[in-house]
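J.: Only the shape, not the letters, is given here:
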């Protein structure tokens with residue numbers, strides 16, 4: 001996920017003091033949007049490890065399954 005890479009590698013620092021300001025100024029979104037996308041990518045990645053599970057198609061699906069993944073792992077989800 002590109003947003004996670006930009007955040008974790010500090011690539012935003014060339015022109016922005018913080019990742020949050022990068023998201024707001026360069027992308028035109030609020031910080032919550034970026035973190036929701038990062039969470040969505042994490043959830044999709046965890047679920048893709050299970051071959052017989054269909055791909056998550058909506059953000060609402062990822063939000064619903066995230067607590068199950070966190071508490072019980074992908075095998076239970």
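T.: Here it is on my side, so go on. The shown structure was predicted, so the numbers you read here are calculated from the model rather than taken from an experiment.

J.: Which strands or helices does the lowest-mean-pLDDT helix or strand in the chain pack on?
T.: Scoring the helices and strands of the chain by mean pLDDT, DSSP states H and E places helix 59-72 at the bottom, with a mean of 78. In this structure, helix 59-72 packs against helix 31-48, with contacts taken as 3 or more C-beta pairs under 8 Å, 6 or more residues apart in numbering; DSSP states H and E. C-beta: built from backbone N, CA, C; applies to glycine.

J.: on that earlier part again, buried residues of the least confident helix or strand of the chain, list them for me.
T.: By neighbour count with 16 or more other C-beta atoms under 10 Å, helix 59-72 contains the buried residues 61-62, 65-66, 69.

J.: Kindly report the same for stretch 34-52.
T.: In stretch 34-52, counting by 16+ other C-beta under 10 Å, buried: 34-40, 42-44, 46-47.

J.: again with stretch 19-28
T.: For stretch 19-28, by 16+ other C-beta under 10 Å, it's 19-20, 22-24.

J.: one step back: for the buried residues of stretch 34-52, could you give me a markdown table that also reports pLDDT?
T.: Below are the buried residues of stretch 34-52 laid out as a markdown table (pLDDT from 0 to 100):
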| residue | pLDDT |
| --- | --- |
| 34 | 95 |
| 35 | 94 |
| 36 | 90 |
| 37 | 90 |
| 38 | 92 |
| 39 | 88 |
| 40 | 85 |
| 42 | 83 |
| 43 | 81 |
| 44 | 78 |
| 46 | 79 |
| 47 | 76 |
